[in-house]
Structures are given as C-alpha cells and as structure tokens.
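Asks: Sequence first, then the predicted structure, then my questions.
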Amino acid sequence: MLRASCINCKFRISPPMASMCAVIACANLRRHIGAAAPVHEFRCLSTCFGRVIHVSRLCCLILLAVSVSPSLLAGQPGGGFGFPHPNFTGASGAMTPQQFVTVFDAAMHNPNSYRVWINSGTDIRKLNPNGVYLKHLNTRTLDPTYDSVGDHPDYNYVHTNHPEWILHDANGNTVSMGGATEECLDFGNPAYLDWVFGTWFPQQYFDSTDSSVALTYYLHDNGNFLRQYINCAANDSVCQRYNTDSGVQSAFKTLFDKFHQYYPTKRIVISTGLLSYLAPADQLPWMEDVLSHADGMFDECLENEHCYWNGQPNSGKREALDATLQLADWLAANGKYFFPNLGMGDGQQPTQVQINYGFAFFNLFRSGNKQFFSIVTKDSSGNWQPRTYPEQNLALGNATETRQQTSPNVYRRTFQNAIAYVNLSDGQVSIALPAGSWKNSLGQAVASPLLLPSFSGLTVYGSTSQPTPSPTPTATPKPSPTPTSSPTPTPSASPTPSPTASPSPSATATPTPTPSPTPTPTPTPQPTPGPSPTPTATPIVIVTPPPSPTPTSTPTPTPEQTPTPIPTPTPTPEPTLTATPSPTPTRIYRQGGKGRKKPKSPSPTPVAGVGL
C-alpha cells in the first residue's frame, strides 16, 4: 500500500476524475511507486477533497509519467537542470542516485562511472528513462593513459592495425591537442568511423544499458571546429585536411552522420563553445552548419564568469555572449539540446552572486524542453557533489515576452511570476522595477531601483504588476546555415587552464574526459567554499576569474561530406565492471579543446578503471 498526501488541490471536476486530478497535482509525488500492490491509497488534504482515493496500478503509472520531469514540478517554463560528473559519495546528507534523478533532468559522466552504477543497480539512465544523461566519448584522439575509462578508441588496435589513421607532422611526430600522451586521429575518415561505430562501439564502448536501451545519449569532446595549425608535410593530404577550418568542420559532419547511420535512435552532443574574438556573424554560420549534423551542444561555460575568455575586454566578452544568445535561439528552434555549465570552465563553485547572473542570463533564452541550467557544487572535501538550490524550486511561470534589449546591452525578459534582468554594458545600470513587491531567489526583498553592476544579472520573483511585454524579439533563430565566413585570426595558443580539484569519492567530478587509472600518488582534494548568499536589491559585485589567452583561427566552413551508408550492427552488451563507487577523476577540455587541465585525483581506491 502506497500513501501520498498533497495540499491545495483546487479542482472542480466530478469524481472519480476529480480525485485522480487532485493526485496528479501533488507536486511532491515522485518515482517511488515501484512494484507496489495492485491498489494504492492516496489521501488528499484540501478544501475540496478530504477522502481516501483508491487507484489502480495503471493510474499510478500515469501519475508516475506526470511526475518524471523535475522542471515541471518547479514551475519552470521549459528546460530543466543538469549536473556534470555527479558524485554519489554515500556520505551523510549526500544526494543519492535515486534523489538525483528527481531533481536533475540532465547529467554527464564517464563510461567507467556508468558501469559502476550498473553494478550497484543505480544507473541513472534506468532510474529516469526520460533524463538526458550523457556518456563521455572522444573519437578524435587516442590516449593510452585513459584506456581504462573507456571513452577513447583502442590504442593498441589502431597502432597495430591502422597506424595510417594517426596524424603525423612533417617530422613524423604524432600530433597532439595538448596532452603529453595524446595522438590526433584522421577522425573524418569513413573507414576509421566504420570501425569505431561498427566494431569498437558494440564490442568495447557500449555497456549493458547502451545495448539494451534504444535512446541513450553521448557527449563527444574536443569540439574545436577550427584548424589545428600543424606543420604538415607538403605531400601529406591527410594532415593538410586538419590544417584548414573547412577540413576540420567536414570531418565533424562526417562523424555525426556516420553515428546516425549506425545508431539512428541514439543522440550525440558535442562539447564546444563560442569565441570572444569573432563577431556573431563570423562564427555562427559555421557553428550552426556543423551543429546541424549533431543533436545538440554541451558548453563548459554559460556566460563570462568562470570561462576562459572572461579576462578579455568587455567588447570581446559581449561578442561571445551575444553569439551564445543567438546560438541558443537557433538550437531551440531546431530541436537541439543545449547544456551550458557555470563553473565547469575552471572547476570552481560559483558564488550566489554569480549564480544570480548565470540564471538570469539562462532565462533570457530558455525555450522548449531541451535546455539545461547547470552549476558546479562541491562538498567540504572538494568533490563535485550535486545538491538542490533555490532557483530549482521557484516557479517562474511561462514567459510573457521574448528577451528585450531595454537599453544598449541591457536585457529584460518577463515571466508570469518573475522578471530576469541582465546588464552586459560597461557600467552599472539603475532599473526601475514595476509596482509590487519583489524578492531574489533567497527570499530577500529587492527594492526599486535595481542597481546592476557591469556584467551581472538577477531574476526577481513575486509581483502581480509587471512591465508590459514588448512584442518584438531581440534575437531571431536562423535556419541551418550555409557556412560563409572568413575571419583571419592569428593562430595562438589555447588558454592555459589552471589545475583544479573536482573529482570525488564516488563517481567523478570535473569536466569532460576522465583521468588515468595509473597508480600514481593522488593530490589531496582541496575543499572549495560553498556559494555565499548575497543577492539582494542592492548592487551586485561580479567576481572575475583570471584572464586566459584568446584562441584564434580562420573559420571557413565547407559543404558536408556524404558518408556511405553502412549496415547497422547488432551491439553486444559488454559485461559490467565490478567495483565499488569511488572517485573518477576527469580532465578538462575547455571550449572544445582549447586547453585542458588535469584535476586532482580523489580517493586512493580507483574504480574499475579511471581515466579518459
């Protein structure tokens, strides 16, 4: 017998449908029905119902389906919340996998962590089949130090059987994207991709869930769509291909097309990001062209805070932020996923002030149900530990307008129960709030005028009197573009990330790929202070991370290649690993590979393979 209680059931429907609707309205009903008895009992406490309701198991399944989306429970106007590299440490008060899937619609982790979860019966893909839970992948490079993580192709096989798939420079040296043991591949080669998706995927990369569940999600790393700047031999056509923007872009399109030929029901998302040294008109055409072949985009940044280009001049930051807003519109209009992450770019936990800015910026473009707001949160040991925060439980209501630029570089977007304000101008702005009483996400009163410093934002909640919505949208998504841009940036070194701790004693924590399982000494995790609540109606101070170098290159997209259709192989489930959940360190690939860092290695008990 399962009993659930709810309050404030406001319905005027005759029984028995009224009783059923009352139960559906219970915002706290979760996925704990399981294999209960055929009849379940619910008690509704309200002014309109005060009796016990008996419903069938079928009815419970209906209620379960209604409760699957955490974003609906929080009254969010589309989209939801995500978390990269969640750690389920088992510590007192730490979130469990079962709790995680009721709060977070999206996640990303490494193959070995998913295998650990499978062994413990806590695979989040099974606990919430509607979740967009990505598994890390990198077919662009080989890296033997990360073989145990299982997200790179078989190093020994390629070296023994197909050394021609490995890129070499004019001196015969293998080409790296930054890692000492990393070797770049001819990843747009159809023969190589046939082996990856037809053999390596079903025999080594897939786990039992990948093989048994049709719809599963994958995150491909190193999404830098611009040339690599290799010193290629004059007669090496393979190397020369990756020395051009168009060659790299066509390779990615071929890769995505091959993936979909082999696995039409599965989804692949690319880790990439916007640039601060190109105007939106110079980077969006080729970004959208490549992304039109993928299922969406994962970004280690959201706005400028914690992003490698945060140290650039304000004009450069605005280029990247404007491009982000426009690309988010395009992704939503084209039914593609967008999973930006605040704090992943440098591995640091954002302060409350930075969360205010990030969430307001996210609210400017959120649309549909495929966009996920994500921040890094840590426990006292520095492990990336997911937890709930106020923004997840405050109802914005539906948007009543598209984002409006109320003055140069100052934006507003109104919802039924809230208003998001963002200031991307060079100075502080004073904003007169509509009549009514307003609060921030912590429940603190926000007075008018609202003072917003440069590059900051705030979402205010709770008034019945709001500004008249403006009918004209500021940004209009464009259809899949035809690449046409020709900026001529100067090749420069990718940003140099500073090491950060972020793994944890259970699954991992830190950005993208994962670290190697080598038995080397692991640095002690450095605890990171939690966010300090500070949002109020008074001016907000923005914390600016240290500047990073500005990448450069010349985007010159070219038409996609049309890969030859290949018969879809029958994947064979691979036996799962036997290991106790423990830290799974990972390393960061910034902005699609523009620099990376290796975070600290967590606890000394490596789980069935840790690495990239």
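Replies: Now that the structure is in, tell me what you want to look at.
Asks: show me what contacts residue 328?
Replies: Contacts for residue 328 (Cβ atoms under 8 Å, 6 or more residues apart in numbering) come out as 338, 365, 367, 371. (Glycine included, C-beta is placed from N, CA and C.)
Asks: backbone phi and psi for the third one, please?
Replies: So that's residue 367. When read as degrees, to the nearest 10, the backbone of residue 367 gives phi -160, psi 140.
Asks: repeat for the first one
Replies: As for residue 338, its main-chain torsions (degrees, to the nearest 10) stand at phi -140, psi 120.
Asks: wait, what's in contact with it?
Replies: Applying Cβ under 8 Å, 6+ apart, the residues near residue 338 are 296, 297, 299, 328, 331, 332, 370, 371, 372.
Asks: If we use 10 Å, what do you get?
Replies: 79, 269, 291, 296-299, 324, 327-332, 362, 365-368, 370-373 (Cβ atoms under 10 Å, 6 or more residues apart in numbering).
Asks: list the buried ones in the helix of greatest length in the chain?
Replies: Assignment by DSSP state H gives helix 314-333 as the longest helix of the chain. Of the residues in helix 314-333, 316-332 count as buried by neighbour count, 16 or more other Cβ atoms under 10 Å.
Asks: again, but for stretch 230-242
Replies: 230, 232, 238, 239, 241, 242.
Asks: What are the contacting residues of that stretch?
Replies: Residues from elsewhere that reach stretch 230-242 (Cβ under 10 Å, 6+ apart): 140, 164-173, 175, 184-189, 227-229, 243, 247-248, 250-251.
Asks: Inside helices: which ones of those?
Replies: Using DSSP H, these in helices are 247, 248, 250, 251.
Asks: What is the neighbour count of the third one?
Replies: The one in question is residue 250. Burial measure for residue 250: 21 neighbouring residues, criterion other Cβ atoms under 10 Å.
Asks: was I right about it contacting residue 290?
Replies: Yes. The pair residue 250 / residue 290 is scored as a contact, 9.0 Å apart, by Cβ atoms under 10 Å.
Asks: By neighbours, which of the contacts of residue 328 wins?
Replies: Neighbours here mean other Cβ under 10 Å. Within the contacts of residue 328, the largest count is held by residue 338, at 27 neighbours.
Asks: beta partners for it?
Replies: residue 297, residue 371 (DSSP bridges).
Asks: Mind pulling up the pLDDT for it?
Replies: Reported pLDDT at residue 338 in the predicted model: 98.
Asks: Residue 123 versus that one, what's the distance?
Replies: 24 Å (Cβ to Cβ, to the nearest Å).
Asks: before we move on, what about residue 382?
Replies: With the distance defined as Cβ to Cβ, residue 382 ends up 26 Å from residue 123.
Asks: Regarding the nearest residue to residue 417 once chain neighbours are set aside, what is its secondary structure?
Replies: With sequence-adjacent residues excluded and distances taken as Cβ to Cβ, 6 or more residues apart in numbering, residue 417 is closest to residue 397, at 4.1 Å. The local conformation at residue 397, judged by DSSP: H, G, I helix; E, B strand; the rest coil, is coil.
Asks: pretty sure residue 397 is touching residue 363, no?
Replies: No. Using Cβ under 10 Å, residue 397 is not in contact with residue 363, being 11.4 Å away.
Asks: Please say which of these two ends up with more neighbours.
Replies: When neighbours are counted by other Cβ under 10 Å, residue 363 comes out ahead of the other of residue 397 and residue 363, with 26 against 14.
Asks: quick one: secondary structure of the more buried one?
Replies: What three-state DSSP gives for residue 363 is helix.
Asks: could you say which helix or strand contains the closest residue to it other than its chain neighbours?
Replies: The shortest distance from residue 363 to any non-neighbouring residue, by Cβ to Cβ, 6+ apart, is to residue 420 (3.8 Å). If you go by DSSP states H and E, residue 420 is part of strand 418-423.
Asks: Can you name the element that comes right after that strand?
Replies: Assigned by DSSP H and E, the successor of strand 418-423 is strand 429-431.
Asks: what mean pLDDT does that following strand have?
Replies: On average, strand 429-431 scores 98.
Asks: What residues sit buried inside it?
Replies: Neighbour counts using 16+ other Cβ under 10 Å place 429, 431 of strand 429-431 among the buried residues.
Asks: Give me the contacts around that strand.
Replies: Contacts for strand 429-431 (Cβ under 10 Å, 6+ apart): 406-410, 412, 419, 421, 423, 448-454, 456, 458, 460, 539.
Asks: Adjacent strands (with direction) for it?
Replies: With DSSP bridges as the test, strand 429-431 pairs up with strand 450-452 (antiparallel).
Asks: what's the angle from the next helix-or-strand element following the strand it pairs with to strand 418-423?
Replies: Under the assignment DSSP H and E, the closest C-terminal helix or strand after strand 450-452 is strand 456-461. Going by axes from the mean of the first three to the mean of the last three Cα atoms, to 10 degrees, strand 456-461 is angled at 170 degrees with respect to strand 418-423.
Asks: I figured residue 107 was touching residue 88, is that so?
Replies: No. Using Cβ under 10 Å, residue 107 is not in contact with residue 88; the gap is 11.1 Å.
Asks: Which stretches in the stretch 251-400 of the chain count as helices?
Replies: Assigned by DSSP state H, counting those that start in this stretch, the stretch 251-400 of the chain shows helices spanning 280-291, 314-333, 352-365.
Asks: To residue 97, which of these lies closest?
Replies: Residue 97 sits nearest to helix 352-365 of all these, at 24.1 Å, using Cβ to Cβ.
Asks: Show me what counts as buried in the closest one.
Replies: Here helix 352-365 shows 352-365 as buried, counting by 16+ other Cβ under 10 Å.
Asks: Which of the residues you listed sits closest to residue 388?
Replies: Closest to residue 388 out of the buried residues of helix 352-365 is residue 355 (12.6 Å), distances taken as Cβ to Cβ.
Asks: Tell me who's in contact with the residue nearest to residue 417.
Replies: Neighbours of residue 397 in contact, by Cβ under 10 Å, 6+ apart: 75, 76, 77, 414, 415, 416, 417, 418, 461.
Asks: Counting neighbours, which bits of stretch 155-169 end up buried?
Replies: By 16+ other Cβ under 10 Å, the buried positions in stretch 155-169 come out as 155, 158, 165, 166, 167, 168, 169.
Asks: pLDDT (mean, whole number) over it?
Replies: 98.
Asks: Residues in contact with that stretch: which ones?
Replies: The contact list for stretch 155-169 (Cβ under 10 Å, 6+ apart) reads 141-147, 152-154, 173-176, 181, 183-187, 189, 191-192, 195-196, 199-200, 204, 228, 230-233, 236, 238-239, 241-243.
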